[in-house]
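# Whatever this is, show me its structure:
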Amino acid sequence: MIVAFSVTPLGVGEEVGEYVAEAVRVVRESGLPNRTDAMFTTVEGEWDEVMDVVRRAVAAVEARAPRVSFILKADIRPGVTDALTSKVATVERHLAAPQSGA
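Numbering: from 1, shown residues only. The predicted model follows:
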């Protein structure tokens, strides 16, 4: 399964990077395949391990902020591994191919 999530502290002002870094630290220390971009952190693994990491990442922010906003999107596909890399590779392969019908 792949989970993309975003956790945002509320009530701490406009600069939230140090709070978000706490959540990302939890994900990176988990050892699960992951990637962070400007909007989401994506993590891949089995249901229980991924959801535990997400829960702990949210808790890390919650421990320092009076309120937390949390968004989660999941792709659940039993038996699929390395989708974090292979899904992007598939799109890149299509981008590199000549366009049909042009």
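# need the contact list for residue 22.
Residues near residue 22 by Cβ atoms under 8 Å, 6 or more residues apart in numbering: 57, 60-61, 64. Backbone N, C-alpha and C define where each C-beta goes, glycine included.
# Can I get the residues you listed in a markdown table including distance to residue 43?
Shown next, in a markdown table, are these (distance: Cβ to Cβ, whole Å):
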| residue | distance to residue 43 |
| --- | --- |
| 57 | 9 |
| 60 | 14 |
| 61 | 15 |
| 64 | 21 |
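# Which ones among those residues lie within helices?
Members of those lying in helices (criterion: DSSP state H): 57, 60-61.
# Now do the strands in the protein.
2-10, 34-36, 41-44, 67-75 (DSSP state E).
# how close does the residue nearest to residue 60 when sequence neighbours are not counted sit to residue 29?
Distances taken as Cβ to Cβ, 6 or more residues apart in numbering place residue 22 nearest to residue 60, at 4.2 Å, with adjacent residues excluded. For residue 22, the distance to residue 29 equals 11 Å [Cβ to Cβ, to the nearest Å].
# again, but for residue 21
Distance of residue 21 to residue 29, given as Cβ to Cβ: 12 Å.
# Equivalent analysis for residue 99, please.
Taken as Cβ to Cβ, the span from residue 99 to residue 29 is 43 Å.
# residue contacts, residue 85?
Each residue near residue 85 by Cβ under 8 Å, 6+ apart is listed here: residue 33.
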